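K.L.:
Next one to model:
(one chain, ligands or ions: 3)
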Amino acid sequence: MDKEARFKQTTRSVQVMKERSEPIVMVTAYDSTQAAHAQAAGVDMILVGDSLGMVMLGYDTTVPVTIEDMIHHAKAVRRGAKDTMVIVDMPFATYHQSVADTVRYASRIMQESYVDGLKLEGGIEIVPHVQALVQAGIPVCGHLGLTPQSVLQFGGFRVQARELHAAQKLLNDAIALQAAGSFMVVLECIPSALGTLVTETITIPTIGIGAGDACSGQVLVYHDLLGLGVDSRRAKFVKTYAQLGESAIAAIKSYRDEVKQHEFPNQEYRYDIAVEAISSVKKHVQEEEKA
Ligand SMILES: Nc1nc(=O)c2c([nH]1)NC[C@@H]1CN(c3ccc(C(=O)N[C@@H](CCC(=O)O)C(=O)O)cc3)CN21
Ligand SMILES: CC(C)C(=O)C(=O)O
Ligand SMILES: [Mg+2]
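P.N.:
Residues are numbered from 1 along each chain as shown. Ligands and ions are numbered 1, 2, ... in the order given. Predicted structure coming up:
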């Protein structure tokens, strides 16, 4: 992999990318190997999403994901992609208590995993928390539209902000997050015309996932874009660029068959020892048994 110094994006450089209409590419990663893949592919930034609860830990939603889970995976991602901007999701209900608690949780993630910023779901309701994090020097990314930590309130993963009032609220939320000092905002699962309107209205970059092509950048979940999932159910916004799940199953089947048929490990995969050495070992064992 390339050892040359790599340009690492910053809050300022992604702002410039929006101004120059240069698309920002983000992908999720949850461990050091996935992070190394993302960095080697040259993405602009990596998200340690709380989607890790669903794709890595087998939960049905992101609600059970803890601060410890996030720090554990964020540390691994940081080790695997030292030269790429890494953003981490604050997990469920860790920025809804006192502002002091929010700063404490956020500081733990920043200082223990050494990442470059945090992402929080929500709009005007969380503005005091966003302001406190920004005051503490933490780069904050917002997240509007389908905010999966509220899936139990939404009654399922569904397209958001299709009605006038909800669309108006989302635009106001984006403006409020920008005013609170956010450097970027993720727009998830909303009509593409609303993604365009938000991107044109605020000056900070927007990162879309199911929010159309006018956003300043795009994000996809690692497992979705690589076709790693066993579950074939996926959102409309997911484009699958490989079928690695099928490849993995086929490879493990081949391994299984070769072991069962005594084909693996053949000579190529074995270690040698001098014939005299092994016969002396045998002799030694036989003498021990007699004694
Ligand atoms: N693998 C994975 N990919 C994701 O993008 C993702 C996660 N997990 N987990 C956390 C959230 C949950 N997300 C989801 C999950 C499901 C839909 C979904 O099924 N959407 C329907 C909407 C149907 C409608 O309202 O009309 C779709 O068909 O797109 C959307 C986003 C996005 N995030
Ligand atoms: C889907 C993205 C935006 C996310 O929040 C996650 O992966 O958790
Ligand atoms: Mg998330």
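K.L.:
the domain parsing of this protein - what is it?
P.N.:
Following automatic domain parsing, one finds the domains of the chain at 11-243, 248-290.
K.L.:
Please work out the average pLDDT along the first one.
P.N.:
Spelled out, it's domain 11-243. The average pLDDT within domain 11-243 is 98.
K.L.:
Helices along this protein, start to end?
P.N.:
11-19, 32-40, 52-55, 67-80, 99-113, 127-135, 151-154, 164-179, 192-201, 222-225, 244-260, 275-290 (DSSP state H).
K.L.:
With distance to ligand 2 and mean neighbour count as extra columns, can I get those helices in a markdown table?
P.N.:
Just so you know, the C-beta spots here come from the backbone N, C-alpha and C atoms, and that holds for glycine as well. Below are the helices of the chain laid out as a markdown table (distance: least, C-beta to the nearest ligand atom, whole Å; neighbours: other C-beta atoms under 10 Å):
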| stretch | distance to ligand 2 | mean neighbour count |
| --- | --- | --- |
| helix 11-19 | 15 | 16 |
| helix 32-40 | 12 | 20 |
| helix 52-55 | 7 | 22 |
| helix 67-80 | 10 | 21 |
| helix 99-113 | 14 | 17 |
| helix 127-135 | 16 | 19 |
| helix 151-154 | 12 | 11 |
| helix 164-179 | 15 | 17 |
| helix 192-201 | 13 | 18 |
| helix 222-225 | 9 | 22 |
| helix 244-260 | 18 | 12 |
| helix 275-290 | 54 | 9 |
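K.L.:
quick one: contacts for residue 39?
P.N.:
6, 46, 80-81, 83-84 (C-beta atoms under 8 Å, 6 or more residues apart in numbering).
K.L.:
Buried ones from these, can you make that a ChimeraX selection?
P.N.:
Command for ChimeraX that selects the buried part of the contacts of residue 39, burial taken from 16 or more other C-beta atoms under 10 Å:
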select :46,80,81,84
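K.L.:
Among the contacts of residue 39, which lie within strands?
P.N.:
residue 46 (DSSP state E).
K.L.:
which one of the contacts of residue 39 sits closest to residue 101?
P.N.:
Residue 101 lies nearest to residue 46 out of those, by C-beta to C-beta, at 26.4 Å.
K.L.:
Hmm, the closest one is touching residue 30, no?
P.N.:
No. Taking C-beta atoms under 8 Å as the definition, residue 46 is not a contact partner of residue 30, at 9.7 Å.
K.L.:
Residues that sit against both of those two, list them.
P.N.:
In contact with both residue 46 and residue 30: residue 77, using C-beta under 8 Å, 6+ apart.
K.L.:
residues contacting residue 219?
P.N.:
Per C-beta under 8 Å, 6+ apart, neighbours of residue 219: 26-28, 47, 186, 207-209.
K.L.:
so how far is stretch 12-22 from its chain's centroid?
P.N.:
22 Å (C-alpha atoms, centre = their mean, to the nearest Å).
K.L.:
Can you show me the CA trace of it as PDB?
P.N.:
Output in PDB follows, covering the C-alpha atoms of stretch 12-22 (Å, rounded to 0.1, in the frame of the first residue of the first chain):
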ATOM      1  CA  ARG A  12     -11.600  23.600   6.600                       C
ATOM      2  CA  SER A  13     -10.600  21.500   3.600                       C
ATOM      3  CA  VAL A  14     -14.100  19.900   3.300                       C
ATOM      4  CA  GLN A  15     -15.600  23.400   3.400                       C
ATOM      5  CA  VAL A  16     -13.400  24.300   0.400                       C
ATOM      6  CA  MET A  17     -14.500  21.100  -1.400                       C
ATOM      7  CA  LYS A  18     -18.100  22.200  -1.100                       C
ATOM      8  CA  GLU A  19     -17.200  25.700  -2.500                       C
ATOM      9  CA  ARG A  20     -15.400  24.000  -5.400                       C
ATOM     10  CA  SER A  21     -18.200  21.500  -6.000                       C
ATOM     11  CA  GLU A  22     -15.800  18.600  -5.400                       C
END
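K.L.:
what's that stretch in contact with?
P.N.:
For stretch 12-22, the external contacting residues (C-beta under 8 Å, 6+ apart) are 7, 9, 23-24, 44-45, 85, 183-184, 203-205, 216-217.
K.L.:
Adding distance to residue 290, write those residues out as TSV.
P.N.:
Shown next, in TSV, are these (distance: C-beta to C-beta, whole Å):
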residue	distance to residue 290
7	71
9	72
23	77
24	75
44	71
45	69
85	69
183	78
184	76
203	87
204	82
205	79
216	80
217	75
